[in-house]
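Student: sequence? don't have it. structure:
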């Protein structure tokens with residue numbers, strides 16, 4: 001049996017190597033993010049002002065269907081602000097403590 005035939009193509013879990021490779025494909029800076037020019041311009045102003053004031057960035061609410069780049073954009077903003085991002089999804093939250 002060949003390696004290709006032995007592979008489970010329906011396995012949705014990524015191997016550590018696949019996860020590492022996938023991470024290199026995602027943009028890490030606003031300049032690498034394609035599209036949404038007006039939103040990117042606004043975010044640049046918000047981030048620059050917060051950094052200049054040495055304050056935290058005001059809240060940002062990103063909405064849209066799955067797969068449009070909300071999490072990617074959130075990671076970019078956190079990266080450019082020098083902050084860590086704790087990401088979650090609505091269906092996972094069961095009680096207030098889940099957000100802590």
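Tutor: Noted; the coordinates are in hand. Small disclaimer: the values here were computed from a predicted structure and weren't measured.
Student: low pLDDT regions in the chain?
Tutor: For the chain, applying pLDDT under 70 flags the ranges 1-11, 90, 98-100.
Student: tell me the strands in it, going along the chain?
Tutor: In the chain, no strands are defined using DSSP state E.
Student: Do a quick rundown of the helices in it.
Tutor: 3-6, 16-25, 37-53, 70-81 (DSSP state H).
Student: now the second one and helix 70-81, what's the angle there?
Tutor: If you take axes from the mean of the first three to the mean of the last three CA atoms, to 10 degrees, helix 16-25 sits at 70 degrees to helix 70-81.
Student: before we move on, back to that, would you mind finding the most buried of the helices of the chain?
Tutor: helix 70-81 (a mean of 17; mean count of other CB atoms under 10 Å). No exception for glycine: its C-beta is placed from N, CA and C like everyone else's.
Student: which other helices and strands contact it?
Tutor: helix 37-53 (3 or more CB pairs under 8 Å, 6 or more residues apart in numbering; DSSP states H and E).
Student: Quick one: distance of the helix it packs on to the chain centre.
Tutor: Averaging C-alpha positions (CA atoms, centre = their mean, to the nearest Å) puts helix 37-53 17 Å from its chain's average.
Student: quick one: contacts of it?
Tutor: With contacts defined as CB atoms under 8 Å, 6 or more residues apart in numbering, helix 37-53 is touched by 30, 33, 56, 57, 58, 60, 77, 80, 81.
Student: check contacts around the fourth one.
Tutor: This means residue 57. Residue 57 touches 46, 47, 50, 77, 81, counting by CB under 8 Å, 6+ apart.
Student: what about it, distance to residue 26?
Tutor: 20 Å (CB to CB, to the nearest Å).
Student: Likewise for the third one?
Tutor: Between residue 56 and residue 26 the distance is 24 Å, computed by CB to CB.
Student: So the two - more neighbours on which side?
Tutor: Comparing residue 56 with residue 26 by other CB atoms under 10 Å, the one with more neighbours is residue 26, at 13 against 9.
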